[in-house]
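*Asks:* Show me how the following folds:
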Amino acid sequence: MNAWVTLIAAVAGGGIAIFGQYITRRSESHARMAELLLEQCSQLASMSEDFRHRLWEERELGLPGRVDAWDLGAFRLAAARLRILCSDEDVLKALDELNSSGKALGAYWRRRSIDTEEINARYARAKSATEDFITASGRLFRQRFRSALEAQRKP
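*Replies:* Predicted coordinates for the structure are as follows:
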């Protein structure tokens, strides 16, 4: 009888250890996913602001080549990563507007024959799209962190 109790205790202990490792890995995986999402959202927001600032520097300060030196490839890579990692409709919709407004602003700027009202309107649209993207991303993270905190509180 003692051998059975020992065997059952060993199996139960092993099961608890395996379950604990599973929970730990799952938690680490969720944390890593949140880090990746946050990184991509932050990068897209900062690159969008950088683009607008570069355009302003060219336009107002007369610094040539600032817009041309902006890293469009890095922006596209971060956007693709976000599309792969994120399924939140609000964030993806905000990303679409961020892309659309940035393209409209950049395309108009490259024409070189610029109407002041038109460039100001496109600039304002791009700025608003960046702010909306930051708001949607922030909402997503607050929801995720709130859910994670609630899950940790439950026994």
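*Asks:* Identify the residues contacting the nearest residue to R139 once chain neighbours are set aside.
*Replies:* Spatial nearest neighbour of R139, chain neighbours left out: D90 (6.8 Å); criterion: Cβ to Cβ, 6 or more residues apart in numbering. Every residue, glycine included, has its C-beta placed from N, CA and C. Residues near D90 by Cβ atoms under 8 Å, 6 or more residues apart in numbering: A136, R139, L140.
*Asks:* one more time with 10 Å
*Replies:* Taking Cβ atoms under 10 Å, 6 or more residues apart in numbering, we find D90 in contact with D132, F133, T135, A136, S137, R139, L140.
*Asks:* Turn those residues into JSON lines, including distance to I114, secondary structure and neighbour count.
*Replies:* Listed next are the contacts of D90 as JSON lines, based on distance: Cβ to Cβ, whole Å; DSSP: H, G, I helix; E, B strand; the rest coil; neighbours: other Cβ atoms under 10 Å:
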{"residue": "D132", "distance to I114": "25", "secondary structure": "helix", "neighbour count": "17"}
{"residue": "F133", "distance to I114": "25", "secondary structure": "helix", "neighbour count": "25"}
{"residue": "T135", "distance to I114": "29", "secondary structure": "helix", "neighbour count": "13"}
{"residue": "A136", "distance to I114": "30", "secondary structure": "helix", "neighbour count": "20"}
{"residue": "S137", "distance to I114": "31", "secondary structure": "helix", "neighbour count": "24"}
{"residue": "R139", "distance to I114": "35", "secondary structure": "helix", "neighbour count": "14"}
{"residue": "L140", "distance to I114": "36", "secondary structure": "helix", "neighbour count": "19"}
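*Asks:* Looking at those, which one is closest to E49?
*Replies:* Lowest distance from E49 to the contacts of D90 (Cβ to Cβ) belongs to F133, with 10.4 Å.
*Asks:* Test my guess that the closest one contacts L98.
*Replies:* Yes: applying Cβ atoms under 10 Å, one finds F133 in contact with L98, separated by 4.8 Å.
*Asks:* what is in contact with the two at once?
*Replies:* Shared between the contact lists of F133 and L98 (criterion: Cβ under 10 Å, 6+ apart) are residues L44, A45, S48.
*Asks:* Could you count how many residues lie near the second one?
*Replies:* Yep, that's A45 we're talking about. By other Cβ atoms under 10 Å, 18 other residues sit near A45.
*Asks:* List the contacts of the spatially closest residue to L63 that is not a sequence neighbour.
*Replies:* Leaving aside its sequence neighbours, L63 sits nearest to E57 (Cβ to Cβ, 6+ apart; 4.7 Å). Contact analysis of E57 by Cβ under 10 Å, 6+ apart lists L63, P64, G65, R66, V67.
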